[in-house]
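Colleague: Got a sequence here, can you build the structure:
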Amino acid sequence: MRENDRVELVIDAPWFEKFPWSRQLLDPHLGQRAGAPAFALTGTLGELGHPAGLFARTDGSWDGTGRRHEGLEIFVPWAYVIAILEMRSDEEAAARRMGFVG
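Modeller: Sure, this is the predicted structure:
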C-alpha cells in the first residue's frame, strides 16, 4: 500500500471509544454498534513511514442527525491498528469488515 491509497482502517474499539468525538467519525450507514471489538473507518492513507503510527484522512464525519461533513486527519498508534484493508469496492469491504467488527 502507498500514501493516498483509499483504505478501510480497522481500529481497536475500546481504545477508539475513549475519545468523545470518536463516534462522529463512524459512518452511520455501516451500523457499527457501541461495544464492538473494532471499528472500521474509510479514508485515504497519509504518511506511512511514521514509526509510532498511521496518519489517515477519513472520508467524512457525521453529526448527531447523520449529516455528512468533511473528513478529518487522524493519527492511530500502530498498537491500535488491527488491519488496513484495500478498498476496491464497498461490497468487498463490507464482506471483509465483518471478520473484524461483527
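Colleague: Distance check, the most centrally placed residue in the chain against Gly53.
Modeller: Centroid-nearest residue in the chain: Leu41, 1.8 Å away (criterion: C-alpha atoms, centre = their mean). Computed as C-beta to C-beta, to the nearest Å, the Leu41 to Gly53 distance reads 14 Å. C-beta: built from backbone N, CA, C; applies to glycine.
Colleague: can you check Ile84 too?
Modeller: Distance of Ile84 to Gly53, computed by C-beta to C-beta: 12 Å.
Colleague: cool, and Ala36?
Modeller: Separation of Ala36 from Gly53 (C-beta to C-beta): 21 Å.
Colleague: Next: Phe39.
Modeller: 16 Å.
Colleague: Which one of the two is surrounded by more residues?
Modeller: Under the neighbour definition other C-beta atoms under 10 Å, Phe39 and Gly53 were set side by side, and Phe39 has more, 26 against 15.
Colleague: after the helix or strand encompassing the more buried one, next one along is what?
Modeller: Assessed by DSSP states H and E, Phe39 sits inside strand 38-45. Helices and strands here follow DSSP H and E; after strand 38-45, the next one along the chain is strand 53-58.
Colleague: helices and strands around that following strand, which ones?
Modeller: strand 6-12, strand 38-45, strand 73-77, strand 81-86 (3 or more C-beta pairs under 8 Å, 6 or more residues apart in numbering; DSSP states H and E).
Colleague: count of neighbours near Pro51?
Modeller: Neighbour tally, Pro51, other C-beta under 10 Å: 5.
Colleague: hang on, the earlier thing: which residues does the residue nearest to the centre of the chain contact?
Modeller: In this structure, Leu41 makes contact with Glu8, Leu9, Ile11, Leu25, Leu26, Ala56, Thr58, Asp59, Ile74, judged by C-beta atoms under 8 Å, 6 or more residues apart in numbering.
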